[in-house]
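Peer 1: Kindly return the folded structure for what I paste below:
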Amino acid sequence: MANPSIRNLLIFAKSNIDSVCELAHSSNQHLNVKPLISLVHVVSQHRSMTTSKRVQDRSQNKRVHDLEIATEKWKIASKVLFMMEILKQEPEQIIPVRSLDQYRRQINLPKPHKVSDFIRKLPKLFELYKDQKGVLWCGMTKEAEELVIEEERIIEEHSEKAAEHVARFLMMSVSKRLPLDKIAHFRRDFGLPIDFRKKWVFKYPEHFRVVTNEDNIEFLELASWNPSWAITELEKKVIGVNENHQLGLLSLAFPLKFPSDYKKVYRYGGKIDHFQKRTYLSPYADACGLTAGTKEFDKRAVAVMHELLSFTIEKRLVTDHLTHFRRELVMPQKLMRLLLKHCGIFYVSERGKRFSVFLTEAYDGSELIEKCPLVLWKEKVQSLVGYRGRKKKVESYYDFEEMENEDLFEAESEEDNVQPEEEDTVHHLEGSSLSDESEMEIGEICRAYKDIETS
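Peer 2: Purely as a prediction, here's the structure:
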């Protein structure tokens, strides 16, 4: 960074925004302070939860390239899945191409790219044709329609297990109920049907029910406590299911899988061992008595995260979605810091505009060790996209970097779990927003920090 005054402003911005403003206005140089103050606000406000140990501060060697690839390979498939969901809700499963233009933000298709060009890149899944009036329409191929039917069958077969996971999610919460709008973020992660708000939530009255509070906000509330479900997935793997199971303290060590070249594991070996041996409160036990910031509080939070990720079909979630449940699940305010600290249990990928967190034990390289039918179905969809393998052999994370601008497919994806908060109608899909201003600013913040540290 050439101008030392600008550099000093950015460095000082980390600690005191008011003093930065005074410094900017009192500077002897003739500076346009408005852009600087704007950047100060960005640096001080956006993703403040990670400023003490930012994801971008990690060295290249600490990244798990296989898991970065696992994140990347679904970015195109996510757009396809979103398109399929739009068409599924149309009466004849066809839609005018001009009507798809309103979903540019959801599929991250920037102008001047045409939606029709995007569709033509997927001939095995979508087809285009004109009617007598010359209107261009989009529909699914026979193979795609068969995939839709197959997905519906798999989701129906998975429904009981999904109901168990949702009920256990409620059991971990403080009030034993969660806003439906928040659960909607996890719909595809949990393998829930697109109409889960209208129909699915009413299929299991023995497990949960929909209630409305005084502000007319809908909640999903636990209907009954099932003791056999108050056993963590880690307990089941280590000691099995015990009929005489009692809620309380646990002393199970979490499986660890560090990056192959992560040398700090030797430096912090003693602390890791101490953490693993420390007892912690079960995610299903009442945590109201725990004090935030204590070691017991943090380890219980790790256990909650481990359990929640175990419920998902890909053992991965978007970190933005997790932060919505800090209060309900008694989680620390600086949740990202906790995830980064325990990099042997979790891995945070910074690919895309939204960060993703993986359960490291569930992966062998870039592949899930245990793939449920929904994951296998998703792989079928991804294989029909037919873009990655034919264009270039991808062997490392950096190969994806080189391919970044080679095709319109490579417009940065919002997240592979592209899903609206309201799933029941196309109108709801139209109104959904998958990104906010804080997410859009990540790249700029990273560049500003890089300038500070390298200048």
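
Peer 1: Can you give me the first-to-last residue distance of stretch 96-105?
Peer 2: In terms of Cα to Cα, to the nearest Å, the two terminal residues of stretch 96-105 are separated by 17 Å.

Peer 1: Now that stretch: buried residues?
Peer 2: Counting neighbours by 16 or more other Cβ atoms under 10 Å, one finds that the buried residues in stretch 96-105 are 97, 100, 103. Any C-beta I mention is one placed from the backbone N, CA and C, and that applies to glycine too.

Peer 1: Switch the residues you listed over to a markdown table; also include secondary structure, distance to residue 248 and pLDDT.
Peer 2: Shown next, in a markdown table, are the buried residues of stretch 96-105 (DSSP: H, G, I helix; E, B strand; the rest coil; distance: Cβ to Cβ, whole Å; pLDDT from 0 to 100):
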| residue | secondary structure | distance to residue 248 | pLDDT |
| --- | --- | --- | --- |
| 97 | helix | 59 | 93 |
| 100 | helix | 53 | 91 |
| 103 | helix | 49 | 89 |
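
Peer 1: Low-confidence regions, the stretch 201-350 of the chain specifically.
Peer 2: By pLDDT under 70, the low-scoring segments of the stretch 201-350 of the chain are 241-245, 261-269.

Peer 1: Kindly report the same for the stretch 1-150 of the chain.
Peer 2: In the stretch 1-150 of the chain, residues with pLDDT under 70: 1-62.

Peer 1: got the buried residues for stretch 325-344?
Peer 2: Residues of stretch 325-344 classed as buried by neighbour count (16+ other Cβ under 10 Å): 325, 328-332, 334-344.

Peer 1: actually stretch 123-135, sorry about that
Peer 2: Using 16+ other Cβ under 10 Å as the test for burial, stretch 123-135 gives 125-127.

Peer 1: with those in mind, which one is nearest to residue 144?
Peer 2: Taking Cβ to Cβ as the measure, residue 144 lies nearest residue 125 of the buried residues of stretch 123-135, at 4.4 Å.

Peer 1: Leaving out sequence neighbours, find the closest residue to that closest one.
Peer 2: residue 144 (4.4 Å; Cβ to Cβ, 6 or more residues apart in numbering).

Peer 1: which residues does that neighbour contact?
Peer 2: Counting by Cβ atoms under 8 Å, 6 or more residues apart in numbering, residue 144 makes contact with 84, 124-126, 384.

Peer 1: Arrange those residues in TSV, one row each, with secondary structure as further columns.
Peer 2: Below are those laid out as TSV (DSSP: H, G, I helix; E, B strand; the rest coil):
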residue	secondary structure
84	helix
124	coil
125	coil
126	strand
384	helix
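
Peer 1: Could you single out the nearest of those to residue 321?
Peer 2: Of all the contacts of residue 144, residue 321 sits closest to residue 84, with 21.5 Å by Cβ to Cβ.
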